[in-house]
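Asker: This is a predicted model, with the sequence first.
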Amino acid sequence: MEYNFEADLHTHTIASGHAYNTIREMARAAADKGLKALGITEHAPKLPGTCHRFYFDNLKIVSREMYGIRLFLGSEVNIMDSRGTLDMSDKLLNSMDIVIASLHIACTEPGTVEENTQAYLNVIKNPYVDIIGHPDDGRFPVDYQAVVQAAKDYGKVLELNNHSLDPAGCRENAWENDRKMLKLCKEYQVPIVVDSDAHFDELIGRFEYAIRLLNEMDFPKELVLNRSYELLCQYLER
């Protein structure tokens, strides 16, 4: 099956502390690759080395169009505990174009399956969160049945993260976990977004591992949100 993508919603610039390009360089790369939209989602303040909250406060001054593509500027916020606490205030979250919520080893210790699952379930209920980032890291084992059902109930999108599937990456058992997630998303008709998680401009729009898995699972194209710029805008601008 051929999958075409018009956007990459999860990327990082030098502001995140461990990425290597500016906003303009990332936007230019996205335009050169034929994308219509790019999400730049800097790591939120609790991740070591990233930007201060003032950076996010000031995103209002940045143009949302560069090199002919639409920019969605926001944050990949950190899930801090099983209560679904995030490291950004509701007021600041509400000002973002896009919010991805993820579990990171640098910010929270992995819990039990029940604790990790509860963390996702509570975050899925958060009205300011758009996407659950890389819920495939085996270091945070979860009940995928419960997570996918909650995503359906609350109208949230789950991420298929290409970087997670890269053999050189640090996330554990991502292929197996993503197979479980995609099977359930297909069964329950829950949309996903495919992202690069690029920290370098050359990696924008690189989805080769994700595409391989989508084809393996015969995953329906109509459930892939970022295949359509218009569909993407409808979701993020609700």
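Answerer: Looks like it came in fine.
Asker: Test of understanding: give the bridge partners of residue 102.
Answerer: residue 78 (DSSP bridges).
Asker: Can you report how many residues lie near it?
Answerer: Here the number of neighbours of residue 102 (other C-beta atoms under 10 Å) works out to 26. The way it works is simple: take the backbone N, C-alpha and C, and place the C-beta from them, glycine included.
Asker: Provide a list of residues in contact with it.
Answerer: 76-79, 132-134 (C-beta atoms under 8 Å, 6 or more residues apart in numbering).
Asker: ok, of those residues, which one's closest to residue 31?
Answerer: Residue 31 has its nearest neighbour among the contacts of residue 102 in residue 76, at 22.2 Å by C-beta to C-beta.
Asker: tell me, which helix in the chain spans the most residues?
Answerer: The residue-count maximum for a helix in the chain (DSSP state H) belongs to helix 174-188.
Asker: where does the protein have low pLDDT?
Answerer: Along the chain, segments meeting pLDDT under 70 are nowhere present.
Asker: ok, residue 41 touching residue 100?
Answerer: Yes. Using C-beta atoms under 8 Å, residue 41 is in contact with residue 100, at 5.1 Å.
Asker: Could you check how many residues crowd around the nearest residue to residue 199 once chain neighbours are set aside?
Answerer: Nearest non-adjacent residue to residue 199, counting by C-beta to C-beta, 6 or more residues apart in numbering: residue 19, 3.7 Å away. By other C-beta under 10 Å, the residues close to residue 19 number 21.
Asker: separation between residue 19 and residue 189?
Answerer: Distance of residue 19 to residue 189, computed by C-beta to C-beta, to the nearest Å: 34 Å.
Asker: The closest residue to residue 1 other than its chain neighbours is in what secondary structure piece?
Answerer: Nearest residue to residue 1, sequence neighbours excluded (C-beta to C-beta, 6+ apart): residue 215, at 5.6 Å. If you go by DSSP states H and E, residue 215 is part of helix 208-217.
Asker: ditto for residue 2
Answerer: Applying DSSP H and E, one finds residue 2 in no helix or strand.
Asker: Next one: it from residue 155, what distance?
Answerer: In terms of C-beta to C-beta, residue 2 sits 27 Å off from residue 155.
Asker: ditto for residue 89
Answerer: From residue 89 to residue 155 the distance is 23 Å (C-beta to C-beta).
Asker: What ranges does this structure have for its helices?
Answerer: With DSSP H as the criterion, the chain has helices spanning 23-32, 53-57, 90-95, 113-124, 144-154, 162-165, 174-188, 208-217, 229-236.
Asker: Next, the buried residues of the fourth one.
Answerer: Same thing as helix 113-124. Neighbour counts over helix 113-124 (16 or more other C-beta atoms under 10 Å) mark 115-124 as buried.
Asker: List the contacts of that helix.
Answerer: Here helix 113-124 has contacts from 79, 81-84, 86, 101, 103, 110-111, 129, 132, 135, 140-143, 146-147, 150-151, 154, 156, using C-beta under 8 Å, 6+ apart.
Asker: Pull out the CA atoms of that helix and give them to me as PDB.
Answerer: Only the C-alpha atoms of helix 113-124 are listed here, as PDB (Å, rounded to 0.1, in the frame of the first residue of the first chain):
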ATOM      1  CA  VAL A 113       1.900  -1.600  33.700                       C
ATOM      2  CA  GLU A 114      -1.000  -0.300  35.700                       C
ATOM      3  CA  GLU A 115       0.800   3.000  36.700                       C
ATOM      4  CA  ASN A 116       2.100   3.700  33.200                       C
ATOM      5  CA  THR A 117      -1.300   3.000  31.700                       C
ATOM      6  CA  GLN A 118      -3.000   5.300  34.200                       C
ATOM      7  CA  ALA A 119      -0.600   8.000  33.300                       C
ATOM      8  CA  TYR A 120      -1.600   7.800  29.600                       C
ATOM      9  CA  LEU A 121      -5.300   7.500  30.500                       C
ATOM     10  CA  ASN A 122      -5.200  10.700  32.600                       C
ATOM     11  CA  VAL A 123      -3.300  12.600  29.900                       C
ATOM     12  CA  ILE A 124      -5.700  11.500  27.200                       C
END
